[in-house]
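Peer 1: Give the three-dimensional model of this entry:
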Amino acid sequence: MGGLKTLLFLAGVIAVIMGLLWAGQGSGLAPYPATSPMINNSQWIYYGGLLVVAGLVVMWWSRRR
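Peer 2: Presented below is the predicted three-dimensional model:
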């Protein structure tokens, strides 16, 4: 079971990083790549925030069990 916990934790970390990137692009703080339709599009701030929260929950849950 140790391997599954580690895999879930890593999935949570990836989700947090991806969510931060989405929120950064949506807010215009991370305008890369320049052709991304996510740049300065506020809905991606919310999607990114939700993904960060989901990633944190998965990380917490993988360490709790």
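Peer 1: Okay, and the most centrally placed residue in the chain sits in which element?
Peer 2: Centroid-nearest residue in the chain: G19, 2.4 Å away (criterion: Cα atoms, centre = their mean). For G19, the host element (DSSP states H and E) is helix 2-27.
Peer 1: same check, this time on G55
Peer 2: Here G55 is assigned to helix 43-64, by DSSP H and E.
Peer 1: And that helix, what's buried?
Peer 2: Neighbour-count burial for helix 43-64, with 16 or more other Cβ atoms under 10 Å as criterion, is recorded at W44, I45, Y47, G48, L51, V52, G55, V58, M59, S62. No exception for glycine: its C-beta is placed from N, CA and C like everyone else's.
Peer 1: So the fourth one sits against W22, correct?
Peer 2: I take that to be G48. Yes. If you go by Cβ atoms under 8 Å, G48 and W22 touch, sitting 3.3 Å apart.
Peer 1: Show me which positions of the helix holding G19 end up buried.
Peer 2: 8-9, 12, 15-16, 19-27.
Peer 1: Of these, which is the nearest to I39?
Peer 2: Q25 (5.4 Å; Cβ to Cβ).
Peer 1: list the contacts for the closest one?
Peer 2: Contacts here follow Cβ atoms under 8 Å, 6 or more residues apart in numbering; on that basis Q25 touches P31, Y32, S36, M38, I39, N41, W44, G48.
Peer 1: Please indicate which of the residues you listed are buried?
Peer 2: Counted by 16+ other Cβ under 10 Å, these give M38, I39, W44, G48 as buried.
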